[in-house]
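Enquirer: how would this look folded up:
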Amino acid sequence: MNNKEFVSILAGRTEKKTSETQKMVESLIAVMSDCFQEGDSVQMANFGNFEVKKKLERVMVNPTTGQRMLVPPKLVLAFKPNPTWKDKIKKGGAE
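Expert: Residues are numbered from 1 along each chain as shown. Predicted structure coming up:
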């Protein structure tokens with residue numbers, strides 16, 4: 001599903017104009033982005049948690065040359081779904 005399809009379905013469910021819904025989605029993403037920039041997590045009830053995690057530096061070995069390289073630490077965005085969503089996906093979406 002692309003952004004246009006998502007916004008049109010959401011607009012139909014909320015009975016709002018597509019342009020208003022697009023602005024709401026953009027605002028949601030902007031707020032979440034600001035939280036991630038500050039290192040905060042975002043918890044959405046009945047959906048899951050988004051959080052910024054720090055990966056430590058590590059040594060990597062190039063498989064073709066055997067050369068060892070140091071990979072610097074970095075921040076990554078992680079998503080942990082709500083347990084009910086995990087169960088639904090495991091069951092193939094069946095209730």
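Enquirer: what about the strands in the chain?
Expert: Using DSSP state E, the strands assigned to the chain run over residues 42-44, 48-55, 58-61, 68-71, 74-81.
Enquirer: what packs against the last one?
Expert: The reference is to strand 74-81. strand 48-55 (3 or more CB pairs under 8 Å, 6 or more residues apart in numbering; DSSP states H and E). Bear in mind the C-beta positions are built from the backbone N, C-alpha and C, glycine included.
Enquirer: the strand it packs on pairs with which strands, and in what direction?
Expert: According to DSSP bridges, strand 48-55 has the following sheet partners: strand 42-44 (antiparallel), strand 74-81 (antiparallel).
Enquirer: which one of these lies nearest to residue 23?
Expert: Judged by CB to CB, the one of the strands paired with strand 48-55 that comes nearest to residue 23 is strand 42-44, at 19.2 Å.
Enquirer: pLDDT on the closest one, on average?
Expert: Averaged over strand 42-44, pLDDT sits at 93.
Enquirer: present the strands paired with strand 48-55 as JSON lines; the columns should include distance to residue 87 and mean neighbour count.
Expert: Compiled in JSON lines, these are given as follows (distance: least, CB to CB, whole Å; neighbours: other CB atoms under 10 Å):
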{"stretch": "strand 42-44", "distance to residue 87": "17", "mean neighbour count": "14"}
{"stretch": "strand 74-81", "distance to residue 87": "10", "mean neighbour count": "11"}
